[in-house]
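Chemist: A structural model of the following input is requested.
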Amino acid sequence: MTKQELVTQGEMGTVYILHLDSKLNGHAQHYIGFTRQLENRLFHHRKGSGAKFTKAANEAGIQYSIAADWPGTRNLERAMKNNRNHKQFCHICMGEKAKNPLKVKWREHTKRNKAIQDVEEVQMSNHTTAKENVAEEKGEWT
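Modeler: Predicted coordinates:
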């Protein structure tokens, strides 16, 4: 199953992005979440019993609001979080240029795939170095 197919699999609910009026701890300004009852989830965020992120925002006195929401699954939420560029989905920050995550072509972004890619790059580098050493020994390279 491709990543594109995976983001549409699973229990349907609502994937949403919260926009904070100012950055939390100087860097984070968005929270992405999944719920089956958006208004209830927002109530829990504001009460401090939602996510640690929104609890910290509450304690810092930072206001936040729902910037956008989409029908989706936990897999879509995870893909959006792994993307690390949450601002691109925020209608408050990006206006009409905000991306719709339902139309994004998702790629595999896992630690395992990154590790495999790193190993392959090292292997290619070692292979090239070995070829250079052999060529140098034969006097083909100067």
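Chemist: switch to C-alpha atoms for all contacts and neighbour counts from now on
Modeler: Fine.
Chemist: can you tell me how far K81 is from A60?
Modeler: 23 Å (Cα to Cα, to the nearest Å).
Chemist: quick one: which of these two has more around it?
Modeler: K81 (14 against 11; other Cα atoms under 10 Å).
Chemist: in a helix, the more buried one, correct?
Modeler: Yes - using DSSP: H, G, I helix; E, B strand; the rest coil, the assignment for K81 is a helix.
Chemist: does it touch H30 like I think?
Modeler: No - with contact defined as Cα atoms under 8 Å, K81 and H30 do not form a contacting pair (10.1 Å).
Chemist: mind checking how far E77 is from K23?
Modeler: Distance from E77 to K23, by Cα to Cα: 21 Å.
Chemist: these two: who's more crowded?
Modeler: E77 (21 against 13).
Chemist: let me see the contact set for that one.
Modeler: 15, 32-34 (Cα atoms under 8 Å, 6 or more residues apart in numbering).
Chemist: out of those, the closest to G50 would be?
Modeler: Within these, the smallest distance to G50 is 10.1 Å, found for G33 (Cα to Cα).
Chemist: tell me which residues in the strand or helix carrying that closest one are buried?
Modeler: G33 belongs to strand 28-35 when assigned by DSSP states H and E. Residues 29-35 are the ones in strand 28-35 that count as buried (16 or more other Cα atoms under 10 Å).
Chemist: which SSE is immediately downstream of it?
Modeler: Using DSSP H and E, the next helix or strand after strand 28-35 towards the C-terminus is helix 38-47.
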